[in-house]
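Trainee: Got a predicted structure here, sequence first:
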Amino acid sequence: MPATPRIDELLEAVIDGYEHVIRHASELQRTLARGVPFEPVRSLLNATADLTRDIAAVQLSGARWLLDS
């Protein structure tokens, strides 16, 4: 049974909200990395920002694919 347009709009809004939160979380990690004077910690924060972004991209892609099908 296909989802009604109203449910599709709600799901799209939830997905967009999740994307927004993840973008800000990654930006926060990068901002913290710029403020840390110790290189190992800075690199780790930048790596976790990349990982957060990449994992979320896979999740969002799958969610949008499911929503479109």
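Mentor: Ah, there it is. Numbers count the residues shown, from 1 in each chain.
Trainee: Look up how far Leu44 lies from Gly17.
Mentor: According to Cβ to Cβ, to the nearest Å, Gly17 and Leu44 sit 28 Å apart. For glycine as for every other residue, the C-beta is placed from the backbone atoms N, C-alpha and C.
Trainee: of these two, who's got more company?
Mentor: Comparing Gly17 with Leu44 by other Cβ atoms under 10 Å, the one with more neighbours is Leu44, at 14 against 10.
Trainee: Give me the residue ranges of this structure where confidence is low.
Mentor: Applying pLDDT under 70 to the chain picks out residues 1-4.
Trainee: give me every residue that touches the spatially most central residue of it.
Mentor: The residue lying closest to the centre of the chain (Cα atoms, centre = their mean) is Ile22, at 3.2 Å. By Cβ atoms under 8 Å, 6 or more residues apart in numbering, Ile22 lies in contact with Thr52, Arg53, Ala56, Leu60.
Trainee: Was I right to think Leu45 contacts Arg30?
Mentor: Yes. At 7.2 Å, Leu45 and Arg30 qualify as touching, with contact defined as Cβ atoms under 8 Å.
Trainee: Which residues are in contact with each of those two?
Mentor: Here Leu45 and Arg30 have no joint contacts, going by Cβ under 8 Å, 6+ apart.
Trainee: Now do the strand or helix carrying Pro40: distance to the chain's middle.
Mentor: In this assignment (DSSP states H and E), Pro40 forms part of helix 39-68. Centroid separation between helix 39-68 and its chain, computed with Cα atoms, centre = their mean, to the nearest Å, is 6 Å.
Trainee: for that helix, which positions count as buried?
Mentor: Arg42, Leu45, Asn46, Thr48, Ala49, Thr52, Arg53, Ala56, Ala63 (16 or more other Cβ atoms under 10 Å).
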